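Engineer: Predicted model follows, preceded by the sequence.
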Amino acid sequence: MTLEEATSRQRDLRHETSTLRTSQKKLNAHVRKLQTKSDAKNKLKEKMLNIQKKVQGICTLQEAIKQLEEDKDRYNAELKELRAATEGFKKDLQDKEDAKTDAAKKNRLIIESKRNYIAKVVKAVDRIKTVLSELRQHEEKKIPLQMKMFNELNDKLSDKRKQILIDESVLGKRRHILRDEIAKQELNQRDLADNLKLRGIQTEIENCEKEISEIAEKTNGFNMDLLKEKSALATKEKQISKEREQNKGKMHAHKDRLKQCKQDLQDMIDQGVEKTYKEKYYQLTVTKAMSKDIKDYYMALEKCLLEFHKEKMKNINLIVREMWRKIYRGNDIDYIEIKTDGGLTEDADRYKYNYRVVQCKNGVEIDMRGRCSAGQKLLACLIIRLALAETFSTRFGVLALDEPTTNLDQENIKYLCMALNEIVQERMGQKNFMFIIITHDKEFIDSLGHIDQVSHYYEVSRNGKGKSEVKKVCFS
């Protein structure tokens, strides 16, 4: 075969291959179309089958509905018959229930009386036991000899008491006699004093009568009404002269004050009072503006603080709720929250907050104070402190817990370790993070050993000399 034949042959083959490729592509496209059409056909068949099934289901449902309606009518008829039959038994049942309640009340009263009788018998037996124990103690302590000695001492003391009573009666009679004598002497002394006063008064009366007679002789022929008017006018004259002097003094003081004010006004005019007034007016205006700005700033700051407090309390309550649900395993408390009651105080324009911890169950909130156990109280304290540290102390690296497992059961201790593990995992990226736990609970220490980042702990103990030793213990 020559080169030209070979090239022509090659050209023909290439043309054939290209035609074969195009036909193959068309064939593949046709096959794909056939496949899609078959798929669509299958889907339509499935839809048709589903529709047939639904139609059959509807027919069966209609038949079932008819059957149910027939059953309903039958059951209603039976129910009416049963109700009519049970009407007669209701009265008997009520009578039986009343008799039952009466019998239960009587039995309760009998049981209560028997219990009271048993309690009285038990108390009497306890009293007899205490009396017998006291008698045994008296016999063991040789009480009869001591009683004999005490009786002898009592006889001696009773004799002394009788003698003292006799002496006391004698002294009482003597005292009554002396009191009577003292009373008589006081009466005599009082009579003498009254007589002396009477004589002095009589002498004063005689002197006054003599002076009155002398004045009457001197004023014989004078008009007494004029004398009375003269004395009243004299007192009035003294009062008027006194007021006049006072008014003169006030007038001189006012004149001096007016003169001083005129002098001050002139001095102020000479010294530039308008300039001083403008300066003071500007100072007052600036002070008022500053006061307004400070007040606005204070109100804005107070608003920001309230919002900050609200946001932080919301974050704290979210953390507290999440940690309580993770750690606490009981079913009597769903979660706990910190509630705040605040307002302006009476003595200052400042907000004051009162905090309280509440427990929630099925949406009902009650105070935890006085209603929770010691373990619940401790767990709430730990969770609140961890939430406060998580909220406010993210930049501080030291978190310390002292005896956190006191009054906690094993299940709560286990979940507390899991919560501490999560805290350690979150804070490991912090360079200055340090978590200190002080505890005597070996099981709690072993549970902490399951945390990946905790490899050892330090044990503090006393040696034989009574000195403290610190030992590093690695977890196995």
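Structural biologist: Now that the structure is in, tell me what you want to look at.

Engineer: For stretch 173-191, which residues meet the burial criterion?
Structural biologist: For stretch 173-191, the neighbour count (16 or more other C-beta atoms under 10 Å) marks no residue as buried. For every residue, glycine as well, the C-beta is placed using N, CA and C.

Engineer: What average pLDDT does that stretch get?
Structural biologist: The predicted model assigns stretch 173-191 a mean pLDDT of 79.

Engineer: Can I get it as PDB, trimmed to CA atoms?
Structural biologist: The C-alpha atoms that make up stretch 173-191 are tabulated as PDB, following Å, rounded to 0.1, in the frame of the first residue of the first chain:
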ATOM      1  CA  LYS A 173     -43.600  43.700 170.000                       C
ATOM      2  CA  ARG A 174     -40.800  46.000 171.200                       C
ATOM      3  CA  ARG A 175     -40.700  47.600 167.700                       C
ATOM      4  CA  HIS A 176     -44.500  48.300 167.800                       C
ATOM      5  CA  ILE A 177     -44.200  50.000 171.200                       C
ATOM      6  CA  LEU A 178     -41.300  52.200 169.900                       C
ATOM      7  CA  ARG A 179     -43.300  53.100 166.800                       C
ATOM      8  CA  ASP A 180     -46.300  54.200 168.900                       C
ATOM      9  CA  GLU A 181     -44.000  56.400 171.100                       C
ATOM     10  CA  ILE A 182     -42.400  58.000 168.100                       C
ATOM     11  CA  ALA A 183     -45.800  58.700 166.600                       C
ATOM     12  CA  LYS A 184     -46.900  60.400 169.800                       C
ATOM     13  CA  GLN A 185     -43.700  62.500 169.900                       C
ATOM     14  CA  GLU A 186     -44.300  63.500 166.200                       C
ATOM     15  CA  LEU A 187     -47.900  64.600 167.000                       C
ATOM     16  CA  ASN A 188     -46.700  66.700 170.000                       C
ATOM     17  CA  GLN A 189     -43.900  68.300 167.900                       C
ATOM     18  CA  ARG A 190     -46.500  69.000 165.100                       C
ATOM     19  CA  ASP A 191     -48.800  70.700 167.600                       C
END
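
Engineer: His450: what secondary structure?
Structural biologist: Three-state assignment for His450 (DSSP: H, G, I helix; E, B strand; the rest coil): coil.

Engineer: same check, this time on the one 10 residues further on
Structural biologist: In three-state terms, and counting by three-state DSSP, Val460 is strand.

Engineer: do you know how far the residue nearest to it when sequence neighbours are not counted is from Glu459?
Structural biologist: Excluding the flanking residues, the one nearest Val460 by C-beta to C-beta, 6 or more residues apart in numbering is Val470, at 5.5 Å. Here Val470 is placed at a distance of 7 Å from Glu459 (C-beta to C-beta, to the nearest Å).

Engineer: of those two, who's got more company?
Structural biologist: Ranked by neighbour count (other C-beta atoms under 10 Å), Val470 and Glu459 place Glu459 first, with 11 against 8.

Engineer: sorry, back to before: and the residue nearest to Val460, backbone torsions?
Structural biologist: phi -110, psi 120 (degrees, to the nearest 10).

Engineer: so what's it up against?
Structural biologist: Going by C-beta atoms under 8 Å, 6 or more residues apart in numbering, Val470 touches 458-460.

Engineer: Great, nothing more from me.
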